[in-house]
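**Student:** Would you be able to build a 3D model of this:
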Amino acid sequence: GELLSESDNIPPEVSRQWQNRRLSKPNRVQIHTIHFQGKSYRWIYYPFKGPGDGIYFVRLAESSDAVHTFLNELIVLSVATIIIVLLVTSFLGWLLTQRVLKPVNAVVDIAQKISYKDLDLRIDSTGADEEIQHLIKAFNAMIDRLEKSFEHINDFSSHVAHELKT
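**Tutor:** Numbering: from 1, shown residues only. Below is the predicted model:
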């Protein structure tokens with residue numbers, strides 16, 4: 001229990017605080033934090049058997065300011081990295097969706113141009129992916145059926161008009 005030597009970098013007031021502490025289990029390793037004048041000191045108490053049956057202990061202390069500074073820098077770096085990764089992945093996701101949706105947008109543009117007057121327009125499927133080609137073929141087949149239906153309606157209307165005249 002007698003202090004044989006002490007480091008010069010520990011303020012004497014902090015050392016006194018440590019000496020005044022009662023150790024709950026003096027034969028076990030213990031770790032404590034002492035706050036003094038706005039600084040934190042992390043202490044470790046390490047008992048060991050020495051020559052004879054004497055029990056000695058080593059007390060080590062270090063200011064935890066460096067650790068806190070490192071952790072704060074690590075948090076800032078982590079947040080900055082997360083923000084950069086989110087921005088890059090968002091941009092890459094936007095580019096990918098634009099590339100994937102380009103054929104669909106082309107189909108939509110042509111579909112909006114088709115009217116009852118322009119039923120002869122068809123969507124070109126060259127260069128499109130297989131899934132989009134199926135969609136284009138189905139859409140073109142639907143336009144073919146609509147065109148035939150309009151032709152039948154026009155023919156019927158012409159025949160009715162002719163019959164009514166006669």
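**Student:** all contacts plus neighbour counts: C-alpha atoms, from now on.
**Tutor:** Noted.
**Student:** which residues sit against stretch 153-166?
**Tutor:** Around stretch 153-166, nothing counts as a contact under CA atoms under 8 Å, 6 or more residues apart in numbering.
**Student:** Could you give the average pLDDT over that stretch?
**Tutor:** Average pLDDT, stretch 153-166: 89.
**Student:** Could you identify the helix or strand that succeeds the longest helix that the chain contains?
**Tutor:** The residue-count maximum for a helix in the chain (DSSP state H) belongs to helix 65-113. Helices and strands here follow DSSP states H and E; after helix 65-113, the next one along the chain is helix 130-165.
**Student:** what's the residue positioned nearest the centre of the chain in contact with, if anything?
**Tutor:** Centrality entry for the chain: nearest residue to the mean C-alpha point is Leu86, 5.7 Å, by CA atoms, centre = their mean. Residues counted as contacts of Leu86 (CA under 8 Å, 6+ apart): none.
**Student:** Let's see that with 10 Å instead.
**Tutor:** 80, 92 (CA atoms under 10 Å, 6 or more residues apart in numbering).
**Student:** what do you get for Ser90?
**Tutor:** Neighbouring residues of Ser90 by CA under 10 Å, 6+ apart: 84, 96.
**Student:** now Val108
**Tutor:** By CA under 10 Å, 6+ apart, the contact set of Val108 is 102, 123.
**Student:** Wait, a helix at Tyr45?
**Tutor:** No. Secondary structure of Tyr45 (DSSP: H, G, I helix; E, B strand; the rest coil): strand, not part of a helix.
**Student:** Does it touch Arg59 like I think?
**Tutor:** Yes. Using CA atoms under 10 Å, Tyr45 is in contact with Arg59, at 4.7 Å.
**Student:** anything in contact with each of those two?
**Tutor:** Common neighbours of Tyr45 and Arg59 (CA under 10 Å, 6+ apart) are 29-31.
**Student:** what would the residues you listed look like in JSON lines with neighbour count and secondary structure?
**Tutor:** Formatted as JSON lines, those follow (neighbours: other CA atoms under 10 Å; DSSP: H, G, I helix; E, B strand; the rest coil):
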{"residue": "Val29", "neighbour count": "14", "secondary structure": "coil"}
{"residue": "Gln30", "neighbour count": "15", "secondary structure": "strand"}
{"residue": "Ile31", "neighbour count": "13", "secondary structure": "strand"}
